[in-house]
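# Below are the sequence and a predicted model; questions follow.
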Amino acid sequence: MPELKTIEVDSGAPLATAGVSASAHVVIARRATPTFTQTSSRWPSKIARQASRRWSAGRLALAAELDHGRLFLCAPVLAGAGAVAWFEFDTDASLFRLGAWITFLALVFVAAGAGRPLPRRAALAGLLCVGGMLAAQIETWRAGTIILDSAVTTTLTGRVERREGDDKGRWRYILAVERTASPALKRMPERVSLLARGDAPIPIGSWIEVRARFTPPAGPALPGLNDFAFDAYFAGVGANGFAYGEPVEVAPDALSPRRSAPDTIVEGLYRLRSSIGERIRSILPGDTGAFAASLVTDERRAISDETTEALRQSGLAHIVAISGLNMALSAGIFFIGLRAVFGLFPAFAQAYPTKKIAAAGALAALTAYYLISGFAVSAERAYIMMAIMLVAALFDRPSISLRNVALSALLIILTSPSAVLGPSFQMSFAATLALVSGYVGWISGSMPGKALFVHPVFKPIGFVFRFFAGIALTSMIGGFSTALFSIEHFHRLSAYGLPANLMAMPVISFVVMPMGMLAMLLTPLGLDVLPWKIAGFGLDIVIDIAKTVSGWGGTVDVGRLPAWYFAVASLAFLLQTLLFTRLKYLGFAVMLIATACLRFLPGSPLPELLVSDDGSLVAVVDDEVLATNKPKPGEFIFNQWQRALAIEPQVPPLILTDVPPPPQKRDHERVVLTAKERRAATDLMRRSTETTQFSCAKSAWCAVTLKSGYLVVVVDNLAYLGSACDVADIVITPARVRLAQCRSGSLLFTGDSLRRTGALEIRIDDQGSPVINTAYTGLDRPWMRQRAYDWRTGAYADAVRQPSDTGGSARQAYPVP
C-alpha cells in the first residue's frame, strides 16, 4: 500500500521544494499567509458555514416533522383554507372545474408513487384544498336558503319550530313559513325569526298567524366586518321580524306538507330543550336561572344585558357558551363518578373493564348533553372532540393528542365548512389546539418551567397548588391563543381575564357543574330542586365576580386588523402549535416580524365618512370622535363602528330650531318645494360648516362639512333632494329612488344603490379625490343575490362588479351598479 504523508508547506510554494516524490500520496495543508485580505475573508466563509448548517438542520427537522405524522395535522388547515378561499370568490366555482382539478391531482398522486414523496405530498395538499372547496359548494347547495329581498309588512302563517325567551318578557320564535298574505310574497322565505310578546309562550309545534314587519338579515356594518346575511343563509333563516300584536294560534293547514321523521325528531328535541330551560328558570329566578339554563340548553337570551356585558368584559363569557369546558367537565365528572361507583364493588371491578364501561357511559351522557344543547358550532366541536377522546379510551389509545383535535376539525370542515369563518369555530379550536399542544409539550418535558412545578419545595402544597396553577396556566394559554381571533371578530380584549378565571373556575368546577349534572340525573324523579339551589348559589358568586372584575375597566378596544396581518398571524400560530421540532420557533419569528410591521409601518388611513347599508345612519370620523346624523343611533350598527374604529365618543347632531317645518305630503301627490323654500334650504345647507357635528333640520335633512372641505348632506325628505344636489359634494338618502346621479355631478348614494354596494367608507385622498370602499363588489353569491332582486318585476338585476376603491372628483357621477 502506498505511503500516506501529510505535510505543511507555505502558501504558493511548489511541491518540489518540500522534497516530495511524485509517487507519494500526499495530503497537503498549506500554511496561510497572514495578510489583511486573508483575515477578512474568514467572515463570509463562516457565515456560509453557519447558513449551511442551519439549512441542514432545518431539512432534518422537516423530515422529522413529516416522519412524526405532522402532515396529517395539516389536513384540516388545507381543507379549511380551500373552504375559506371558495367563500371569498366573487362567483361560485364551476363544478366541472373542481372535478377537473380533483382528477388531475389524483392522477399526479398515483403517478408519483411512494418513490417521489415531494410531488405526492403536494398533490395530496392540493386535493385537500380542492376538497374543502367542494365541501363548501355542497353545503351551499344543501342550504339553499331564500333570503327576503326588502322590508315588508305581511300576515304570516307558520309553524313554531323553536322558541327562546329573553329577560324583557319577549319570545323569539323560529317559524316554518306556510304562507303569507296582504301582501303575498313572491320570494317567501322557508323559515323566519320572529320577536313577539305574549302572556304565555306558544308551544313548539303549534301553528300561528301574526301580522309582522320583516326585514332581510343585515349585511356588514362596514366593509370587511361580519356579514350577518351569510350566517343567516347557512342557518336557514331568511328574514327577521317583530310582531305588531300577539300571535294567534290557528288550526293546522290541511294542505301543508307532512313533516318527515327527522324533522319530527329534531322538533321533539327542541321541545325537550325548552321544557328543561323552563324547569330550571322556575327553580332559579332571574339571571341565576337564565345562567343555569344556558349551561344546559345554550339559551342565552334570558340573561340580562348587564350580566352578559359583565361576563364579556371580565373574560368569563366562555362559561355561558356550551364549549369544550362544559363538555369536558360533564364528561369528566360522569366518567370519574361512574368509576368511583364501580370501585365500591371490588368483585365487579376486577371482573369487568370498568374504565371502558365508564367511558361508554360518559359518551352516552355526552351525546344526551349535545342533543339538548341546540346544536351550536361550539357544542358540535366540543362534542366531536370529547367523543373521539372517549372512543380512544375504549380502544386503549391516547385520549389527548393533536391528532384527535385535527380529526374533529376535519370532520366539522367537511360537514359544515361555513363554520370556519365564524368566531366560534376559530376561537374554540385555537384554545383547544394551544392547550393540547401545551399538554403534549408538558408531558414530553420540553415545556419551559416544568421543573419549577415538580420541584420538591412545591410538593407539600399538593393538590391546591396544582389545581390553581393548572387554572392559571390554562387561562393564560387559552387567553393568549384566542386573543388574535377575539380582536379580529370583536375588536377588543379583556385585560383581567386571568384573575377572573382564577376566582370563578373553582366554583364552576367544584360546585356548579357537579350539582348541575346531579340535578339533571334527578329531574325525572322530581328531586332536582336542592341540587339546582346549590348550583344557583355558585352561579351567584360567578356573576358577582364578573361584575366586580368588569368594574375594573379592563376592556381594551383594539380596532380592526389588516387582512394581511390576520392571515400571517394565523399561520404563525399554526406553526407554533402544530410543530414539535425547533421549526416551531419560526412561528414566533413570523409573529414578531408581522407585529413589528403592524406597529411601526404606516397603516391605512381612517375613513372620514361612514354610511350604513340602508343610508339611514351616517357618521363623520373626526378627532377621535364619531359625529352622527341621529341623536341616538341604533346600537346594532353603531356599536360595531365604535369597536371597529376603536372610537367610543359620539357627538349628536345640532338640531336647527329656526328652520320652518318641511312641507307635508298631500295624498299621493309628490311634494315640491317653492322657489323661496328651495333657496332657503340651499342657503342653510351651504352654511353648515361644522366639521365635528351635523346640523339637522328635523325630519328633513342633515349637513356637515368634512375636514377636506367636502359638504355632505343626508336627505330624509325627498323634497330637499334637488337642493342637496345643487349645493353638496356628497348626497346620501335612504329613500329607494331610481335616480342614479345628481345633475350637478355630485356623488349620490340612495337606498337603491346602497342596497347593491352595502355599507360604505369614504375618505378624501391627498389629491382631493374621494376613495370609496364598499362592503360588496358583486352580488353573485347566494347570500348576496337577494340584494339584486326587484320585487316589482320579479327578476334579478345584473350584479355589476366594481372595484372596492373608486377614485374620482366630487363632480363625477359615482358608478352606481
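Perfect, thanks for sending it. These figures come from a predicted structure and were not determined experimentally.

# residues contacting residue 609?
618, 619, 620, 621, 706, 712, 730, 760, 761, 762, 763 (C-beta atoms under 8 Å, 6 or more residues apart in numbering). Yep, even glycine has a C-beta here, placed from its N, CA and C like the rest.

# closest to residue 224 among those residues?
Checking the contacts of residue 609 against residue 224 by C-beta to C-beta gives residue 761 as the nearest, at 9.1 Å.

# any idea which of the contacts of residue 609 is closest to residue 629?
Of the contacts of residue 609, the one sitting nearest to residue 629 (C-beta to C-beta) turns out to be residue 618, at 4.8 Å.

# Please name the bridge partners of that closest one.
residue 611 (DSSP bridges).

# Confirm residue 328 sits in a helix?
Yes: according to DSSP: H, G, I helix; E, B strand; the rest coil, residue 328 belongs to a helix.

# neighbours of the residue nearest to it when sequence neighbours are not counted, just the number please.
Distances taken as C-beta to C-beta, 6 or more residues apart in numbering place residue 386 nearest to residue 328, at 6.4 Å, with adjacent residues excluded. Using other C-beta atoms under 10 Å, the number of residues around residue 386 comes to 25.

# Likewise for the one 3 residues further on?
A count of neighbours around residue 389, defined by other C-beta under 10 Å, yields 24.

# How about residue 604?
What residue 604 shows, counting by other C-beta under 10 Å, is a neighbour count of 10.

# now residue 282
Neighbour tally, residue 282, other C-beta under 10 Å: 11.

# which ones are touching it?
residue 289.

# part of a helix, is it?
Yes: assessed with three-state DSSP, residue 282 lies in a helix.

# quick one: it from residue 536, how far?
Applying C-beta to C-beta, to the nearest Å, the value for residue 282 to residue 536 is 12 Å.

# what residues are shared contacts of those two?
Joint contacts of residue 282 and residue 536 (C-beta under 8 Å, 6+ apart) are residue 289.

# Pull the contacting residues for the spatially most central residue of the chain.
The structure's the chain has its C-alpha centroid closest to residue 423; by C-alpha atoms, centre = their mean the separation is 2.4 Å. Contacts for residue 423 (C-beta under 8 Å, 6+ apart) come out as 485, 486, 488, 489, 490.

# Point out where the stretch 151-300 of the chain drops to low pLDDT.
253-263 (pLDDT under 70).

# swap the cut-off to 80 and go again
Applying pLDDT under 80 to the stretch 151-300 of the chain picks out residues 167, 198-199, 253-266.

# in the stretch 351-500 of the chain, which spans are strands?
Secondary structure of the stretch 351-500 of the chain (DSSP state E, counting those that start in this stretch): strands at 492-494.

# quick one, helices of it?
354-371, 377-394, 402-415, 423-443, 450-453, 463-490, 497-507 (DSSP state H, counting those that start in this stretch).

# sorry, back to before: now list the buried members of the contacts of residue 609.
Among the contacts of residue 609, those classed as buried by 16 or more other C-beta atoms under 10 Å are 618, 619, 620, 621, 706, 712, 730, 760, 761, 762, 763.

# Among those, which are located in helices?
In helices, judged by DSSP state H, none of those are found.

# Which one, of the helices of the stretch 351-500 of the chain, ends up nearest to residue 683?
The nearest among the helices of the stretch 351-500 of the chain, by C-beta to C-beta, is helix 463-490 at 45.1 Å.

# avg pLDDT for that closest one?
Average pLDDT, helix 463-490: 76.

# Which SSE is immediately downstream of the longest strand anywhere in the chain?
Ordering each strand of the chain by length in residues (DSSP state E) puts strand 152-165 first. Downstream of strand 152-165, the next assigned helix or strand under DSSP states H and E is strand 170-181.

# Can you name the residues in contact with the following helix or strand past that following strand?
Helices and strands here follow DSSP H and E; after strand 170-181, the next one along the chain is strand 191-197. Strand 191-197 is contacted from outside by 145, 148, 156, 158, 161, 169-177, 210, 212, 214, 236-243, 246-247, using C-beta under 8 Å, 6+ apart.

# Type out the PyMOL command that picks the buried ones from those.
Typed into PyMOL, the line below selects the buried ones among those, using 16+ other C-beta under 10 Å:
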select buried, resi 145+148+156+158+161+171+172+173+174+175+176+177+210+212+214+236+237+238+239+240+241+242+243+247
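
# Kindly state the domain boundaries assigned to this protein.
68-143, 152-252, 273-557, 563-600, 609-806 (automatic domain parsing).

# gap between the longest one and the chain center?
Computed by C-alpha atoms, centre = their mean, to the nearest Å, the separation of domain 273-557 from the middle of its chain amounts to 20 Å.

# now do the same end-to-end measure for that domain.
In domain 273-557, first residue to last residue: 36 Å (C-alpha to C-alpha, to the nearest Å).

# Any chance of the contacts of residue 609 in CSV with pLDDT and distance to residue 527 as columns?
As requested, the contacts of residue 609 are exported to CSV (pLDDT from 0 to 100; distance: C-beta to C-beta, whole Å):
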residue, pLDDT, distance to residue 527
618, 95, 59
619, 95, 56
620, 94, 61
621, 92, 59
706, 90, 68
712, 93, 66
730, 93, 67
760, 95, 59
761, 95, 59
762, 94, 63
763, 92, 65
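
# Looking at these, which one is closest to residue 309?
residue 619 (22.5 Å).

# any idea how far that closest one is from residue 613?
14 Å.

# which residues touch the residue nearest to residue 328?
324, 327, 328, 331, 366.

# same thing but 10 Å
324, 327-328, 330-332, 362-363, 366-367, 369-370, 399, 404, 408 (C-beta atoms under 10 Å, 6 or more residues apart in numbering).

# Could you do residue 636 as well?
By C-beta under 10 Å, 6+ apart, the neighbours of residue 636 are 218, 221, 228, 612, 617.

# likewise residue 558?
483, 486, 487, 488, 490, 491, 492, 493, 643, 644, 646.

# Enumerate every residue touching residue 748.
So residue 748 contacts 715, 721, 724-725, 728, 730-733, 737, 739-742, 813-814, 816 (C-beta under 10 Å, 6+ apart).

# Is it located within a strand, as I assumed?
Yes: with three-state DSSP as the criterion, residue 748 is part of a strand.

# Report the separation between it and residue 653.
Counting by C-beta to C-beta - residue 748 and residue 653 are separated by 21 Å.
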